[in-house]
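Undergrad: give the three-dimensional model of this entry:
(2 chains)
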There are 2 protein chains.
Amino acid sequence: MKDDYTMKRFLKGVGGGPVFFKKNALFLLDQRKIPREEKYIRVKTAKETAAAIRKMVVRGAPAIGVAAAYGMALGRGNITLAADVLLKSRPTAVNLKWAVDRMLAINTDNFGKLLKEAEKIEKENKVLCEKISKNGAKLIKKNSVVMTHCNAGALATGGTGTALGVLYAAKKKIKLVIVKETRPRLQGANLTTYELKKWKMPYILISDTASAFAMKKYNVSAIIVGADRIASNGDTANKIGTYALAIEARYHRIPFYVAAPYSTIDFGIKSGKKIVIEERNQDEVLKINGKPIAVAGTKAFNPAFDVTPAKLISAIITERGFIKNPDRKKMEQLYG
Amino acid sequence: MKDDYTMKRFLKGVGGGPVFFKKNALFLLDQRKIPREEKYIRVKTAKETAAAIRKMVVRGAPAIGVAAAYGMALGRGNITLAADVLLKSRPTAVNLKWAVDRMLAINTDNFGKLLKEAEKIEKENKVLCEKISKNGAKLIKKNSVVMTHCNAGALATGGTGTALGVLYAAKKKIKLVIVKETRPRLQGANLTTYELKKWKMPYILISDTASAFAMKKYNVSAIIVGADRIASNGDTANKIGTYALAIEARYHRIPFYVAAPYSTIDFGIKSGKKIVIEERNQDEVLKINGKPIAVAGTKAFNPAFDVTPAKLISAIITERGFIKNPDRKKMEQLYG
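TA: Residues are numbered from 1 along each chain as shown, chains lettered A, B, ... in the order given. You can find the predicted model right below:
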C-alpha cells in the first residue's frame, strides 16, 4: 500500500482515510490492528465487504455506511443479493441500512452509476462530519475536560468524526480529553488515543471502571459519544458502556451529548425497546490477546451495544443543529 | 508445594488456602497467576511479605491483614522495623494497619508469642467470614440474580470470603451470579470465576462496560461487594469501579450491599474524603499481558480504589449484623 493512503496523510487532508475506493477496489484500514500497524485490506466484492464489516475491519456507524455503499457498487450485476449480504453483516447500526436503501433507490445494476452514488455518500459524509462538529463545538465551554467512550472519530466516519469531530473543532477550548478504554474491544484505548495523538490533543486513558471516579476527580465538564441508532423518541443505541456512562453523568450533573448524522435517527421505531442489540462472540470478553482471562468453562454475556434512554441525554447533535433534552416531539420537528 | 495446600482442598476445609504459615515460613498463593496456575510463594521475612503485598501476590483487605500479621512475626527481633515496612506496602486497606497495630500491642519481639497472635488473627478471620456470610445471607431473596465486582471471596480473606461468602452461604437462593471482569487487574475474571466454579455456583462473566445493561437485562436482585476501608460515616473505599456500580444500582433501584469485617471500619476518619486512594503503575491500564493497548506515549490515570458515599449503600454487613442505610449515627452505635 502506497504511503499516500495512510491515516496520517488523511488527517492532514491529503487523501487516504479508513475507507476509500480506488482502481475498482475498496480499501479498508484494518482497525483491528490500530495502533500497532497501519495496514489496508483490499476488498473486491459485496460479500468481502460484508465480511470486513462483520469482522470489524471497518467499524463505526457512519464508516460502515460508506463501506456498505461501496460494497453495493461491488455487487455488480446483482444489487439485491449485495443488499442482502451487507444487511446481514451487523444488525444495530442504522447507517448500514440507510446506505444500502439509498443505493437500491438508484435502481440500477450499472457499476458506474452505483459507484458515483457511493462516492456521493462518502463526500456527503465528510461534509456532515464538519457540520456536526461545528454545531457540537458550540456546546463545549472554555477549559473543558471532556470524557468520551469508544471511538467516534475519523476512523469511525471517514470524515473528521462525530463525537471526536466536535472535540477537534473545539480544540482550543479543551483542557483534557479523558478516554475510556472501552472493553471488550478496546476501541477507546486502541483507536481514540491514536487519533487524539495525531491531532495533538491533550488526553489520558482510563479503565472503564474509573469513569465515575474520574468525573469527580477531574471535574469533568461534558461527556460526548457517537451513536449507532437513535429511535424516534431520542433513545440512543451506542457502544456497550454508554448507558452506564450516561447514568453516572446524570448523577454528577454533567451534560451528556450524543453526536451523530441525521441518518442515524430511525424514525421507523418508536423507542429504544425496538432496537435489536447485537450479541457478539463470547471470546471477545473471555480472552484478551488470545489468552483466557477466566477459569476454563466460563460463559460470558457480550452485547455490542446498549440503549441510553433519551431522558439521560442533554443534547443530540446532528448536521441540522442540536436538540436539547430530546423527546419525541422535538425529534419529530427534525423529521423530513 | 505439596498438593494438600491447594485452593481446592482449602475450599473443602482440609488445609491450605491463600495465606498460611508452616515450618517457619509464610506461604502465599500467587494470585497473579490464578486461574492459570495454582502456585505458592514462600516468604521468610517481613520485607518479603511487604513486597508480596505490594506486588499483589496476596490481595483483598482481610487476606492482606492476615499476611501482615504473619509478616510481623517474621520481623524477628525488630517489630518496629517490620511494622514500618509492612505499613508502606499498600496505603488504602485499613485491615493492614489494624493487624500491624494488634501485633505491636503484644509488645514483644518473641517469635513464638508473635506467631501465636498471628495464628489467632487468622482463625478469627475465618470465624468472621462465617458470621458475615450468615448475616448477609438473610438479605438475599429466593431466586436472586446477584452482581459482584472484583473478588471478595476465599482468595481475598483466607476464610470463605465477605461478599462472596454471603453468596456461598445463600447458595440455594442464588439463580445466577454476574461477575464483572474488574479492569485493570481483572480480579473478577481471574479470581471470582475461579472460586465460583469450585463452589459449583451458576455464573456468567461480563465486561465492566456491560454492568448497567446487565442489571436491566437480567433483572438483577442485588449487588454485593467487599470493602478496603469504611469511614465512620459509612463512606466505603473499595476496588475502582465500585462507585460507578453503586450509582448504576441506585438508578435501577437495586439494593447495593457492602460486606466486610468490623475491623474495616476506620472510626478515626469522619468521611470518605479522608481516605487515601492508592494510584498504581500506569502500565496496569496501558498494557494487557505485557502488550500496549494504546498508542505509544499515552498516559493513564490508574486509581486502585474509589469511594462510594454511604447514601448509595443499602446495607453494610459485618460480623456484628447489618446496618441498613448507614450513616454516622448508626455506624457509631456499632463502635466499641
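
Undergrad: what's the distance between A:Asp109 and A:Gly77?
TA: From A:Asp109 across to A:Gly77, the span is 6 Å (CB to CB, to the nearest Å). (Glycine included, C-beta is placed from N, CA and C.)

Undergrad: for A:Glu332, same thing?
TA: Shown here: A:Glu332 relative to A:Gly77, a distance of 40 Å by CB to CB.

Undergrad: neighbour count winner among these two?
TA: A:Glu332 (12 against 9; other CB atoms under 10 Å in any protein chain shown).

Undergrad: list the contacts for that one?
TA: A:Ser232 (CB atoms under 8 Å, 6 or more residues apart in numbering or on different chains).

Undergrad: count the residues that sit near A:Glu48.
TA: A:Glu48: 19 surrounding residues under other CB under 10 Å.

Undergrad: pretty sure it is in a helix, no?
TA: Yes. Assessed by DSSP: H, G, I helix; E, B strand; the rest coil, A:Glu48 belongs to a helix.

Undergrad: helices and strands around the one helix or strand A:Glu122 maps to, which ones?
TA: Per DSSP states H and E: A:Glu122 is located in helix A:111-137. On a contact count with 3 or more CB pairs under 8 Å, 6 or more residues apart in numbering or on different chains; DSSP states H and E, helix A:111-137 meets strand A:19-22, helix A:61-73, helix A:94-105, helix A:163-169, strand A:256-259, strand A:315-318, strand A:321-324.

Undergrad: any idea which of these is most buried?
TA: helix A:61-73 (a mean of 30; mean count of other CB atoms under 10 Å in any protein chain shown).

Undergrad: roughly how far does the closest residue to A:Pro62 other than its chain neighbours sit from A:Ala61?
TA: Nearest residue to A:Pro62, sequence neighbours excluded (CB to CB, 6 or more residues apart in numbering or on different chains): A:Thr157, at 4.1 Å. As judged by CB to CB, A:Thr157 and A:Ala61 stand 8 Å apart.

Undergrad: can you pull the contacts of A:Thr298?
TA: A:286, B:189, B:193, B:197, B:203-205.

Undergrad: hang on, the earlier thing: quick one: the helix holding A:Glu122 to helix A:94-105, angle?
TA: Angle of helix A:111-137 versus helix A:94-105, following axes from the mean of the first three to the mean of the last three CA atoms, to 10 degrees, is 140 degrees.

Undergrad: for the helix or strand following helix A:111-137, list the C-alpha coordinates in CSV.
TA: Proceeding N to C from helix A:111-137, the next assigned helix or strand is strand A:144-148, under DSSP H and E. The C-alpha coordinates for strand A:144-148 follow below in CSV (Å, rounded to 0.1, in the frame of the first residue of the first chain):
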residue,chain,number,x,y,z
SER,A,144,-13.3,21.9,29.3
VAL,A,145,-12.4,18.4,30.5
VAL,A,146,-14.3,16.1,28.2
MET,A,147,-14.8,12.3,28.6
THR,A,148,-15.5,10.1,25.7
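
Undergrad: what sits up against strand A:144-148?
TA: So strand A:144-148 is contacted by A:140, A:163-164, A:167, A:170, A:173-180, A:188, A:192, A:211, A:214-215, A:218-225, A:245 (CB under 8 Å, 6+ apart).

Undergrad: are any of those buried, and which?
TA: Buried members of the contacts of strand A:144-148, scored by 16 or more other CB atoms under 10 Å in any protein chain shown, are A:140, A:163-164, A:167, A:170, A:174, A:176-180, A:188, A:192, A:211, A:214-215, A:218, A:220-225, A:245.

Undergrad: contact partners for the closest residue to A:Gly71 other than its chain neighbours?
TA: Nearest residue to A:Gly71 in three dimensions, chain neighbours excluded: A:Thr49, at 3.1 Å (CB to CB, 6+ apart). A:Thr49 makes contacts with A:26, A:43, A:67-68, A:70-71, A:74, A:86, as judged by CB under 8 Å, 6+ apart.

Undergrad: now do A:Ile277
TA: Counting by CB under 8 Å, 6+ apart, A:Ile277 makes contact with A:92, A:237, A:303-307.

Undergrad: and A:Ala244, how close does it get to chain B?
TA: Separation of A:Ala244 from chain B (CB to the nearest CB, to the nearest Å): 4 Å.

Undergrad: with adjacent residues omitted, what lies nearest to that residue?
TA: B:Ala212 (3.7 Å).

Undergrad: wait, is A:Leu176 part of a strand?
TA: Yes. Assessed by three-state DSSP, A:Leu176 belongs to a strand.

Undergrad: who does it form a beta bridge with?
TA: Applying DSSP bridges to A:Leu176 gives these bridge partners: A:Val145.

Undergrad: residue ranges with poor pLDDT in the stretch 151-300 of chain A?
TA: Of all residues in the stretch 151-300 of chain A, none has pLDDT under 70.

Undergrad: where do the helices sit along it?
TA: Assigned by DSSP state H, counting those that start in this stretch, the stretch 151-300 of chain A shows helices spanning A:154-157, A:163-169, A:187, A:193-198, A:211-217, A:242-251, A:283-286.

Undergrad: which of these sits most buried?
TA: Taking mean count of other CB under 10 Å, helix A:154-157 is the most buried of the helices of the stretch 151-300 of chain A, at a mean of 30.
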